[in-house]
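Colleague: For reference, the sequence and a predicted model appear below.
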Amino acid sequence: MKAMTNPYLAAALLSMTAQAASADRLVDPTRPATVKAAVAVASVSPVKVEAIMKSGSSLLAIVNGKVVRAGDFVDGVRIDEVRSDGVRYTRAGQASIAYVGRQAIDVRHNVTAGED
């Protein structure tokens with residue numbers, strides 16, 4: 001097999017492989033110079049209050065599947081107050097209220113021996 005003796009051909013081949021290796025850094029020539037890449041907007045999950053529970057003298061809530069009390073954070077939301085009908089929360093400086101679903105559930109009470 002004959003070795004490559006043309007230095008111009010060797011340089012052209014090296015240049016083409018270098019360009020192919022840097023293809024991930026290519027710039028779109030049709031894009032205006034002042035346009036910046038779009039920033040992905042974070043999706044905002046809804047605040048879903050699933051239940052309100054009383055534990056001693058304090059109220060707890062199940063919000064988006066997590067047990068929380070006033071002052072806790074869940075999914076980027078600060079729980080300001082747990083109320084008997086929902087929670088008051090703050091997200092990105094905006095205060096709002098999410099109410100517990102209106103579906104009533106039956107609560108089973110444990111009966112100890114001797115009680116009816």
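Modeller: Great, that's in hand. Numbering: from 1, shown residues only.
Colleague: Please count neighbours and contacts with C-alpha atoms only from this point.
Modeller: OK.
Colleague: which residues of this structure fall in strands?
Modeller: Along the chain, counting by DSSP state E, strands occupy 49-55, 58-63, 66-68, 73-74, 77-83, 86-91, 94-99.
Colleague: T112 is nearest to which of those strands?
Modeller: T112 sits nearest to strand 49-55 of all the strands of the chain, at 20.5 Å, using Cα to Cα.
Colleague: and the closest one, average pLDDT?
Modeller: Average pLDDT, strand 49-55: 90.
Colleague: Compute the inter-axis angle for that strand and strand 86-91.
Modeller: If you take axes from the mean of the first three to the mean of the last three Cα atoms, to 10 degrees, strand 49-55 sits at 120 degrees to strand 86-91.
Colleague: contact partners of strand 49-55?
Modeller: If you take Cα atoms under 8 Å, 6 or more residues apart in numbering as the criterion, strand 49-55 is touched by 59-65, 82-87, 98-101.
Colleague: ditto for stretch 80-87
Modeller: Residues from elsewhere that reach stretch 80-87 (Cα under 8 Å, 6+ apart): 49, 52, 59-61, 69-72, 79, 88-90, 97-100.
Colleague: model confidence over stretch 94-101, on average?
Modeller: 91.
Colleague: in that stretch, what's buried?
Modeller: Neighbour counts over stretch 94-101 (16 or more other Cα atoms under 10 Å) mark 97-100 as buried.
Colleague: same question, stretch 50-67
Modeller: Neighbour-count burial for stretch 50-67 flags 50-52, 59-64 (criterion: 16+ other Cα under 10 Å).
Colleague: Nearest to A11 among those residues?
Modeller: The nearest member of the buried residues of stretch 50-67 to A11, counting by Cα to Cα, is N64 at 61.3 Å.
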